[in-house]
Structures are given as C-alpha cells and as structure tokens.
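Generate coordinates for the sequence data below:
(chains A and B)
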Amino acid sequence: MIKISNVRKSFDELEAVENVSINVNKGSIYGLLGSNGAGKTTLLKLITGIYVQDEGLITIEDQQVYENPEIKNKLFFIQDIPFFLPQYTVKQMAQFYENIYPNWDQKRYEELVRVFEMNVQKKIHKFSKGIQRQAAFILGLSTKPDVLILDEPMDGLDPVMRKKVKSLLIEDVADREMTVLISSHNLREVEDICDFVCIMHKGRTIIEKELDDLKSDTHKIQLAFNGPIPQGIFENIKVLHKEKRGSILLFILNGKEEEIIADVKKYNPVIFDILPLTLDEIFIYEMGDVGYAVQNILG
Amino acid sequence: MQSKISLGNREIWKTLTRSVGWVSIIFFLGQFIAVPLEILMTSSSEEHRKYVYEESLFQFNSEIQVALNIAIPVLLAVFLFRFLQVRSYSDFMHSLPIKRESIFHQYTLAGCVFLILPNIINAIIIFALYLPLNLADFFTISEIFKWFGITIMFNLLIYMAGVFIAMITGLSAVQGALTYIILLLPIGLLVLLGFNLPFYLYGFPDQYFLANKIESISPLVALTYLDHSPLGTVEIIIYIILIFTFYGISLWVYKRRKQEAVSQALIFPLLKPVFKYGATFCTMLLGGMYFGKMEGGTFWLIAGYLFGAILGYFVAEMVLQKSWRIVIHIKGLIRYAGVMVILVILFQFDFTQYEKNVPYTSEIESVHLSDNYYFFSDKKSPYSLKEPENIDLVRRLHKEIVSNKTDNKMNRDNAFFAYELKNGKTLVRSYQIDKKEYAHFYKLIHESDEYKRTTNEIFNVNVDQIEKITIRPVEPISKKAVIVDPEDLKEMLSILKEEINRATYEETQDFNGPNSIIEIMQRNDKNISMEWRVSYKQLEQWLSEKGLLENARVNASDISKIYVARKDDLELNFAGGYSYEEVFDEMESHSNTLKITDKNKIETILQNANSYIDGSYVVGFYYKEEGTIEIKSFTDKNIPDFVKQYFQ
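Okay, the predicted model is just below:
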C-alpha cells in the first residue's frame, strides 16, 4: 500500500529523514514512534505530499504522492494541531471538504456528528483543543480516505475520547480496509491498536516490527541451577539480555516458547519461570544500546 | 470527478471571499468616496461647478487615489497568500488533493478579480453620472476608460509584484516590506548611483543621468505622478509585459517552493546572500550620499560608506535571522569590504577608461558646451558646434580639465559637455572648474563665428517677421523703450548683430552697468530676448539719436540717492542671506558711508556697478519710483576714483 524506499530529506544542514524505508500494508494500523525531533512529522508530511523528498521514492498504490491529486483524493492528513480555515464552522468546513474530496460521505458525516454530539454551527477556533481534534476526526473520516495519516492524534484527548476515536478507527479499518499511519512519542498510547510499529531515532528507523510477532517471540525467564551454569545452554537461541541476581539468572530470549521450554528442561533447573514482559521491555532489549536512548518513548 | 478540483472550485472561491473580500470592499468604498462621490458633490450644484479644475479623473482626490492604489494591491497579496506564510495553513493547503498550479491560478486570478471589480463598479457609476451631471464640461468619456484602464494596470502590476514576493518569502511582514522595496529599488538604486558615481568617475554628469524621466522605472513613483504626467505608450506596454512576467515567474517559483521553509524570511537559500549584500550595498551608497553631500570631504564620505554598510549588513542579518540579538557573521562583512576596496581601487585607476575617454575629432559629429546642464536640458534642441576648429578646441579644453583633475575640485563654475558621436551615441560629461583658469579656451570658442551664430537666436530672425522690439531695464523700474517702425527695426537688428559679433569674451562675461533686456517679438509669437551689455556702445549711440536711450535703461534721473560702503564695515552676514532693505538700512545708519546725489557721479556708478555682490564695496541704489532699493557692488578694477578717494 504505502511504500517508502531510501527516502532522504534534509532542512538546511539538518538531516531530518535519513535513508528511511518502510512498508505499510493495506488495512493495517501502523505506528510511527520516536522522540521529539526524530523525524516522524517530516516523514508524515513527505507521505502526504506536502514536502518533497530529496532522494528516494514514496508511493501509495504504486503511484507517487507529490502533486498527484488522484492519490491525494484518497488520503487525509490530520496535523498534530488540527488546522481549520479561519473563522469556519464545522458545517462550513464540511462543505469545503465535500467540494474538495470526491469520496465525501454526507451520511457518515451526519452520523459522526451525532456520535460525538458536535455543534456544527459554532466556529471551530472557539472550541477547546480536544473538541477541535474530534472535529478533525469527524471531517477526516467523512472523506472516506483509503489512507488516514495522523500526527500525534491522541494528544489532548481524554481517555474516554481516546477510546471513542480508537474504536472509530478500528471500525473503518475493519469495514473498508482503511490504512492508518499514526505517529506518537508514546508507545502506550498506540500499542493497543497498532499491528505494526516502527521506531525512529535521529532521522533513521531503528526497528520495524509486527507487534504480535514481537510479543510471541520475546520471553523473559528466570532460572536457577544447583551448581554452575551448564555449558551449552541457549546455544541455538538468541539471547537479548542476561543478568545475574544472586543465584537467580535472568534471561531475555528471542525464539519460540516451546523450543525455549524444551531447551531449558534439558538442564534441570531448580527454578524456572516465564515472566510477563511489557512491550516497552521488549523494545528496549530488542534495540540494545539505542534502546536506552529512546526509553522515554516506551515508558 | 476532475471538474470538482478545476480552476473554479466553488468552495475555494467562498474561502477567498470570506478571507479577503473585505480588502475589495474597502477599495471600492475608498475609491467611491475619492472619485464618484467627489464628482457628485462638486458638480451637482452650479456654485461648486465653478471651482472644479480637475481635467483628468486622476486629479479627483489624487492623494486618496494614490494611497489606495499603493496600499490595496499589496494588502491583498499579503492576505491572499497568507496560507504560504503560516506553517499549519501551508501544510493544510498542500495536503489537499489540488495541484499547486491550480491553487496558484485560482488564488492569483481571484486576487485580480478582487482588484478589478471595485474599479469597474466605480467606472460604471461615473458613466451613469456622466450625462445627468453634464460631466462633459470637465472630461471626456474616453477619460473614464483611460482612468480605469490605467488604474487597473497599476493595481495588477503592484499586486503581481506582491504575489511574486509571496513566493520567495515565508513571512507576511517581509512580503509586504519586500514588495515595496522591489518596486522602489530600480529608482532608488539609480538615484543612489547618480549621487555616488561622481565621486569615482570624474566628470560623471549626475544631473543629466538623473533627469532622464526616471520616475517611470518605478511603477510606485510613476503612480504618484499620474495626475500631472500621463504615461507613455512604451511604459504601458512594459508594465503590461511585467504583469504577465510576474505571473509566469511566480508560478514557476511556487512549483519549486519548499514548504518546509515557511516562516523563514527568504525561502530560497540562494536569495539570502543576494538580499544581504544587496541591502549592504544600498545602505552603503545611501550613507555615502548622505554624508558625502552634507559634510563634504573624503573623510565623511568614507565614514558614510562604512556606517551605511555596517548598518545595512546588520539589519539584513537581523531580518534573515528574525531577531535583533543576532550572531554576526563578521567574515561576510570583511569579505564584502574587501570587494569594495578592490572596486574603489579599480575606479581610481579608471579601469573603465571613463575619465580619459575624450572622443577623437574624427568621431565627433557635434558638441554642446555650456556652463550648466540646464542650458542643455531646457531647450528643445540645444545648440551644438560642428566646425572642426571648435570641436578641436572643445576637445582640448576637455582634455585639459581632465588632466587637471586634482586641481579642479570644489569650484563654482561648471563645464557641461555633450558630444554627439558619428556612431549615433552621445557622450556626456560635467565638471566643476574655475572658468578663469580656462579662459583662453573659452575666449577662442566664444569669439568664434559659429559659437556666436548658434548661441544667439537673433541670427535666425527675419526682419520682416519682427513685430516690435522692447528694451526694458532689469532694474526695478517700469519704463521701457519700444521700437515698431520697420526701418528702425531693420537698423536696430543689424546693429545688434554687429554688437554681438564685435563683443569679446571678456565683455560677454561682464555684468557691469545698468542691464536692460532686449525683447524681440515676432509675428509667429516667438519671443527672443537678449541682454544689453555695457559694451554695446553703437547701440547706445543709435538709441540716443532716436531719443530712446532715456527710457531704454536706468539713468541718473531714476535714482534719488546712492550709498557706498566698504563691505567689511557692514555688520552683515552675507553668507547667511539678507534682504536689500536690511543692507540698505545698515548702510544708511553706518558712519563710514558715502552718500551720493550728484547726477554725474550717479551715472558713473551706474556704469561700473556689478550685479554680482562679490566686490569689496557695496553699493545701494534708492530708486525714485516707489522707493525701491537695489544692491550691487564694485569689483576692484571698476571702483570709481571719487569712491577710492573717499575711503582713503
């Protein structure tokens, strides 16, 4: 669906996006994580066709986005601080979008207005930040985009609203295979809806994973042996982290659960527990050194 | 589907009307008050109609019209393209499924409509008033077309300049300021160069350079001249071409504009040094012009350049860095100073060969030489010398002046050269010199037959064409001598020609004696006037025989008394300005003043006093007629003996 290969973008001397390649599948919700200044917003604006890349290729359905209304018709971008035309009401904005986007769905719009109990006659800039964001969602979803691009969408929404928005997104993804690209500086905010995650740091992607794989393939185990640690243990399993607390050994391992259990059982451990692992921990261990640098995204 | 996002997108139209419609409304109201309402108010009553002097529609409240025409188009461009200068607005617009080209066309054309509409409505209102109010008394119908055509043209030109600047900048304030700067830059640069070049190019004719109808190279300035100097066809064509050029270039630039640079003063990195060093250069010239003209002297000139350059460089940096607390890239300033020093050194060595360029005799078609640029500019066809001897003399004078470059500085006299070359070009130079030092050249040139014939119009006069000749004193006195008899006219004409032919250079430069002006009135209404110099003795004789001398010039009987005083004795600040009455009162009250009432002595003084008050003795005349006062002086060689005796 969205294909980004070897994209590079620099501002003056600063490299904002360095050689990024990612793939977003149709109907998936893709989380773009990174601390401030990691290049998330720049990447999103490149995908939206606001900026043009210095190098590389960005395509949606195999077509270039930049200056291509055909593709942009099916794409909607909500900025980190949603923008509305000055002095416009929700209704006027809706009319504007209806005129611009060929797939505008008036029924869907009216339905969403009802769900969110939105006052469409009031000037949008008089609304609070949260309500403005809701308005942006209502308008964006009513254009029936194939690709919805959201820059820090959960900022300024209360937990109830977040839930509402998330369920709306999931609904559209499920119903009509909408592709969603979400940027966030916090994994927690998006881990429950994303199926793919990409972490950016200083303009580069450092990890791109499917969340389910990640969860099922990374394990934290606690072991203790009578005597020294047996030779040859975990020879065929990738050890992400190893720690010793007294006689207790702590391992973070990458591999199939059954294989790990089978392997450990061979050495007759005194203690053997599989501990729950948070997503944050998975990332930190997966990324090694860089992981600590980006811990704040995960916490 | 495609039609929805075509040029005429209805919602974008609505947005535009909502956001900038007010500019158009203000324009309409302002213009309505300035022109149609003014016409209505002044021409609806008979009483007011008498006081309507306007002949062109530009003259009705011209200040208001000019202010509107200058402010509105730029205001419109700034508000219309606000979406380019605010990051979130820019991101919003460019995320929409509309090509930049369409955005540009729609926005820019909408702006044109917003500008044209008020003009059209007001023009229609004036049309509607034309017959009922009998406006034909003031202006023709075609004047209305001219008015709204020219106004729209200027509106569009200034607006398109604003649009172009919108594309290259990322700040609305900078957009507004830069638009005016770019519109004024051509004329400003020309004026600055005109004032500064004489310091580097010896002989550079600044007045000539600056007088060549330069106001039309800046539309903003040309606009303010509209009410009294109409535009030429060439200017109109150039302005229209410029409108389309700006449109094309703006589109080209917009397509290449990087939206991430929004909120930077200049979007394209390439323009930053151009702006920075351009501003430095202009303020440097401005500093040089201010201090160079005000204070005089090389020290102040250089100080002015330094001050101007540093100021311009700092201000440009502040604009580019968007802060007044800036990091100065001092290296750039040093590099700039280096280039300027090299440039000045090159000028010192006359690398353009400008100063040494005195054309060869074989290249010259004709030459004009006079004491002032205005002798050249005031005439429709200024006189010029063609004879090889004179051309050669002028050339030699020119070369001599150039070779005395260092000695000629700061003099009162001016030598203005304008060569017509055989290749069709003109070469113009102007120098400040002391004419006395070059008198030998001037004597030969001025006493030549050709010079006398070309500079005195009287040689072109046909006797039969003369209606009458009047001789009236320059002095404040109302008498005059008139000659109408054809025989007398004929005689007088030939005497005048002889006098002119006989006059030596020194005599023509002498301003002694009671001056009179001889006016020759021709039947074709062309008047010729010439001075009667004190050396024209034959004329004096002839007038005396005809009994006209009494009225032809001031004589002793017109004057009741004369005071003579030493200039040094009088407590007057001659440099600071004074009135004749002040001087006369001072002379009257001073103890060491010679009072003369004797007719013969008065006559002698009349013959010798000089109208240039630079001699050591001041002479005050008291005329019988209305008690008017006139002040003259004696130059050292013309002091009458009885005056000398008195003051010894």
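
How far does the helix or strand hosting A:T205 sit from its chain's centre?
Assessed by DSSP states H and E, A:T205 sits inside strand A:204-210. Its chain's C-alpha centre and that of strand A:204-210 lie 11 Å apart, by C-alpha atoms, centre = their mean, to the nearest Å.

elements contacting it?
strand A:14-24, strand A:196-201, helix A:279-287 (3 or more C-beta pairs under 8 Å, 6 or more residues apart in numbering or on different chains; DSSP states H and E). Where you see a C-beta, it was placed from the backbone N, CA and C, and this is true even at glycine.

now do 10 Å
In terms of contacts (3 or more C-beta pairs under 10 Å, 6 or more residues apart in numbering or on different chains; DSSP states H and E), strand A:204-210 is packed against strand A:14-24, strand A:29-33, strand A:196-201, helix A:211-217, helix A:279-287, helix A:289-293.

Would you mark the buried spots in that strand?
Buried residues in strand A:204-210, counted by 16 or more other C-beta atoms under 10 Å in any protein chain shown: A:R204, A:T205, A:I206, A:I207, A:E208, A:K209.

So the nearest residue to the first one once chain neighbours are set aside versus chain B, what's the distance?
Once its chain neighbours are removed from consideration, A:R204 has its nearest residue in A:E18; the separation is 5.2 Å (C-beta to C-beta, 6 or more residues apart in numbering or on different chains). A:E18 sits 16 Å away from chain B when distances are taken as C-beta to the nearest C-beta, to the nearest Å.

Please list all residues in contact with A:E18.
By C-beta atoms under 10 Å, 6 or more residues apart in numbering or on different chains, the contact list for A:E18 reads A:N6, A:V7, A:R8, A:K9, A:S10, A:G39, A:E55, A:M200, A:K202, A:G203, A:R204, A:T205.

Check A:Q132 too.
Neighbouring residues of A:Q132 by C-beta under 10 Å, 6+ apart: A:I81, A:P82, A:F83, A:F84, A:V90, A:I124, A:H125, A:K126, A:G156.

do B:P640 as well
By C-beta under 10 Å, 6+ apart, the neighbours of B:P640 are B:V564, B:I596, B:K601, B:T604, B:I605, B:Q607, B:N608, B:A609, B:Y617, B:F634, B:Y646.

which bits of chain B sit near chain A?
B:1-2, B:4-5, B:9-15, B:18-19, B:82-83, B:86-102, B:255-256, B:258-261, B:264, B:269 (C-beta under 10 Å from any C-beta of the partner chain).

Show the buried residues in these.
Looks like the residues of chain B next to chain A have B:4-5, B:9, B:11-12, B:14-15, B:19, B:82-83, B:86-87, B:89-98, B:100, B:102, B:258-261, B:264 buried, using 16+ other C-beta under 10 Å.

Of the helices and strands packed on strand A:204-210, give the one that comes closest to B:L444.
Between B:L444 and the helices and strands packed on strand A:204-210, the shortest gap by C-beta to C-beta is with strand A:14-24, which sits at 74.9 Å.

Select from the buried ones among the residues of chain B next to chain A every entry located in helices.
Among these, the residues falling in helices (DSSP state H) are B:11-12, B:14-15, B:19, B:87, B:89-95, B:100, B:102.

tell me the pLDDT at A:Y292?
If you check A:Y292, the pLDDT there is 59.

Show me which pair in the ones in helices among the buried ones among the residues of chain B next to chain A is furthest apart.
Top of the distance list for these (C-beta to C-beta): B:K14 and B:R87, 23.6 Å.

Wait, B:F621 touches B:N555, no?
No: using C-beta atoms under 10 Å, B:F621 makes no contact with B:N555, being 11.8 Å away.

More neighbours: these two, which one.
B:F621 (25 against 16; other C-beta atoms under 10 Å in any protein chain shown).

Wait, a strand at A:L169?
No: under DSSP: H, G, I helix; E, B strand; the rest coil, A:L169 sits outside any strand and is assigned helix.

Around chain B, which positions in the stretch 151-299 of chain A sit nearby?
Checking the stretch 151-299 of chain A against chain B by C-beta under 10 Å from any C-beta, the hits are A:D151.

Output the below-cut-off pLDDT ranges for the stretch 151-299 of chain A.
Applying pLDDT under 70 to the stretch 151-299 of chain A flags the ranges A:288-299.

Name the residue of it that lies nearest to chain B.
Nearest residue of the stretch 151-299 of chain A to chain B (C-beta to the nearest C-beta) works out as A:D151 at 9.4 Å.
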